[in-house]
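Trainee: model the structure of this input:
(one chain, ligands or ions: 1)
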Amino acid sequence: MNHLFITIFLSLSFTTIYAQNDEQVVKSLFDEALTSQTAYENLRFLCKNIGGRITGSPEAEKAVEFTYRVMSEMDLDSVFKQPVRVPRWRRGEQEKASIKSYKFGNKKVPVVALGLSIGTGNAGLSAGVIEVQTFEELKELGRKKIEGKIIFFNRPMDPTMINTFGAYGKAANQRTQGAAKAAEYGAVGVVVRSLTTSQDDFPHTGVMKYEKNIPQIPAVAISTNGANLLSNWLNEDPSLKFYFRTACETQGEVTSHNVIGEIRGTEYPDEIITIGGHLDCWAPGEGAHDDGAGCIQSIEVLRLFQKLGIKPKRTIRAVMFMDEEVAQRGGKEYARQAELKKEKHYFALEADRGAFMPRGFGVSATDECLEKILALKRYFEPYGITEFKKGGGGVDIGPLRKFGTPLSSYIPDMQRYFDFHHSGNDTFEQVHFREFQMGSAAIAAFIYLIDQYDL
Ligand SMILES: [Zn+2]
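Mentor: Below you'll find the model as predicted:
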């Protein structure tokens, strides 16, 4: 590109375009998103000044106050906090773990407590280890071999699956149910291979669940490097011991909030379009991709509309859902309130798949409605955003399904997401400005078009 052309190009793209047609509106949304640092700086604050914010923690409340303040300063039609009771689980002091082998010596390994796990107590837990990949193996081994041992679930996410969310889904039951399954046979603790496609030293946490009438045993995730090491040593020295110490505990419930900001519709103010992400996240990590990005992108949609003078026909809401990670109370309460207030939910979109380059949108709706939405693809092709497909929604907007609301997921590229997901690696530095803002613009454009073309 020659210099003159670049100058003209830049001056054009910095001009606010009062668009004559939808292509131009879409273009101006991208122009504004890619030339404004506002959203990126908001994400930086959420990650760097507040950081890890587990449901029910003081940090989660700081995130509530921060996003409430950001939206209050935007001169929206309404900004409010919706109270919601949430469980409070504290991770406590930094976890410790090591492998103790007569053959190889002692080696510290990185672990993180699984969400809702009980702690080990001060002394920690030390026991022999049995490695398995599946629950069926537990059955074959039986109580006699498992009793008193730590079960090490080491089934990796399948690296050959292009759909990394699919690979995650196929490996996740080790984390969610592993402790209860192993405890059934008398295991005393559980170590789970981190659910990531990356080979590194970050342990990845996530929620787990105990079962009624089955003893509760402590559970941790181990980094993939740690898991490989443990597996290799076990092969050579089956008598080795694993030690870990966790100080996590559940502490009842507290009141937290969903945070909601809205631009009232000009023609159909009673019809609500919800765009949302979740405000809580696991620690360690800053909840940048999961899901600070989705929250800030939702706020950014409102800012983009305001900046370009777009007056939506319907009411557009940005919702910061609380407690997606632990008990999904925020999403449930949002739908409960909607029902109580007899709100009409016209459309909902969830952004909770990281802040990578946008690929498209998934939508669950009636065939007729779906056809209309999939046809919007042509507006996005110039931006390389071409995956418009059937099937969408999300944990937080899921409860709106009972109203017949079309549900949609924002779909960014998914190859790197699980490098960061629920780990100390999910930091602001891992979010690329242009990818993040391409996402904000794509969501804004999608919502703009959904509002324009009656479903
Ligand atoms: Zn998430």
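
Trainee: show me which residues of the stretch 351-455 of the chain sit near the ion.
Mentor: Those residues of the stretch 351-455 of the chain that sit near the ion, judged by Cβ under 5 Å from the ion, are Asp352. Where C-beta positions appear, they are placed from N, C-alpha and C, glycine not excepted.

Trainee: where do the strands of the stretch 351-455 of the chain begin and end?
Mentor: Using DSSP state E, counting those that start in this stretch, the strands assigned to the stretch 351-455 of the chain run over residues 358-364, 387-390, 407-412.

Trainee: how far away from the center of its chain is the shortest one?
Mentor: Same thing as strand 387-390. Offset of strand 387-390 from its chain centre (Cα atoms, centre = their mean, to the nearest Å): 20 Å.

Trainee: is it true that Ala442 touches Ser408?
Mentor: No - using Cβ atoms under 8 Å, Ala442 is not in contact with Ser408; the gap is 11.8 Å.

Trainee: so which residue is dead centre in this structure?
Mentor: What sits nearest the mean C-alpha location of the chain, by Cα atoms, centre = their mean, is Asp290, with 3.6 Å.

Trainee: next, it: secondary structure please.
Mentor: Following DSSP: H, G, I helix; E, B strand; the rest coil, we place Asp290 in the helix state.

Trainee: okay if I get the strands of the stretch 351-455 of the chain as JSON lines plus mean pLDDT?
Mentor: Putting the strands of the stretch 351-455 of the chain into JSON lines (pLDDT from 0 to 100) gives the following:
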{"stretch": "strand 358-364", "mean pLDDT": "98"}
{"stretch": "strand 387-390", "mean pLDDT": "98"}
{"stretch": "strand 407-412", "mean pLDDT": "98"}
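
Trainee: was I right about Pro218 contacting Val191?
Mentor: No - here Pro218 does not reach Val191: they are 9.7 Å apart, not a contact under Cβ under 8 Å.

Trainee: list the residues that contact both of those two?
Mentor: Residues touching both Pro218 and Val191 (Cβ atoms under 8 Å, 6 or more residues apart in numbering) are Phe244.

Trainee: can you give me the helices for the stretch 201-350 of the chain?
Mentor: 224-236, 293-307, 329-340 (DSSP state H, counting those that start in this stretch).

Trainee: the longest one - contacts with which helices or strands?
Mentor: Packed against helix 293-307, as judged by 3 or more Cβ pairs under 8 Å, 6 or more residues apart in numbering; DSSP states H and E, are the following elements: helix 22-35, helix 38-44, helix 58-72, strand 249-263, strand 268-278, strand 314-321, helix 433-452.

Trainee: out of these, nearest to Phe152?
Mentor: strand 249-263 (23.5 Å; Cβ to Cβ).

Trainee: neighbouring strands for that closest one, and are they parallel or not?
Mentor: Counting by DSSP bridges, the strands paired with strand 249-263 are strand 78-90 (antiparallel), strand 314-321 (antiparallel).

Trainee: turn those strands into CSV, columns for mean pLDDT and distance to the ion.
Mentor: Formatted as CSV, the strands paired with strand 249-263 follow (pLDDT from 0 to 100; distance: least, Cβ to the ion, whole Å):
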stretch, mean pLDDT, distance to the ion
strand 78-90, 98, 15
strand 314-321, 98, 10
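
Trainee: need the residues of this protein near the ion, please.
Mentor: Going by Cβ under 5 Å from the ion, the residues of the chain near the ion are Asp290, Asp291, Asp352.

Trainee: coming back round to it: so which of the strands paired with strand 249-263 is the most surrounded?
Mentor: Comparing the strands paired with strand 249-263 by mean neighbour count (mean count of other Cβ atoms under 10 Å), strand 314-321 ranks first with a mean of 28.

Trainee: which other residues reach it?
Mentor: 63-64, 67, 71, 258-265, 267-279, 295, 298-299, 301-302, 305, 330-331, 334, 346, 396, 447, 451.

Trainee: quick check, distance from that strand to the centre of its chain.
Mentor: That offset, for strand 314-321, works out to 18 Å (Cα atoms, centre = their mean).

Trainee: from the ion, how far out is the spatially closest residue to Phe244 that is not a sequence neighbour?
Mentor: Leaving out its chain neighbours, the residue that sits closest to Phe244 by Cβ to Cβ, 6 or more residues apart in numbering is Ala97, at 4.0 Å. From Ala97 across to the ion, the span is 26 Å (Cβ to the ion, to the nearest Å).

Trainee: check contacts around the residue nearest to the centre of the chain.
Mentor: Cys281, Trp282, Asp352, Gly354, Tyr417, Phe420, His421, His422, Asp426.

Trainee: got the helices of the stretch 201-350 of the chain as TSV, with mean neighbour count and mean pLDDT columns?
Mentor: Below are those laid out as TSV (neighbours: other Cβ atoms under 10 Å; pLDDT from 0 to 100):
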stretch	mean neighbour count	mean pLDDT
helix 224-236	18	98
helix 293-307	26	98
helix 329-340	20	98
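
Trainee: do me a favour and get the end-to-end distance for stretch 31-42?
Mentor: End-to-end span of stretch 31-42 (Cα to Cα, to the nearest Å): 19 Å.

Trainee: out of the strands paired with strand 249-263, which comes closest to Gly166?
Mentor: strand 314-321 (23.8 Å).

Trainee: angle of the closest one against strand 268-278?
Mentor: 20 degrees (axes from the mean of the first three to the mean of the last three Cα atoms, to 10 degrees).

Trainee: start the count at 567, not 1, going forward
Mentor: I'll keep to 567 as the first residue from here, and by that count the last item is strand 880-887.

Trainee: got the angle between strand 880-887 and helix 859-873?
Mentor: 150 degrees.

Trainee: returning to that earlier point: more neighbours: which of Pro784 and Val757?
Mentor: Val757 (28 against 24; other Cβ atoms under 10 Å).
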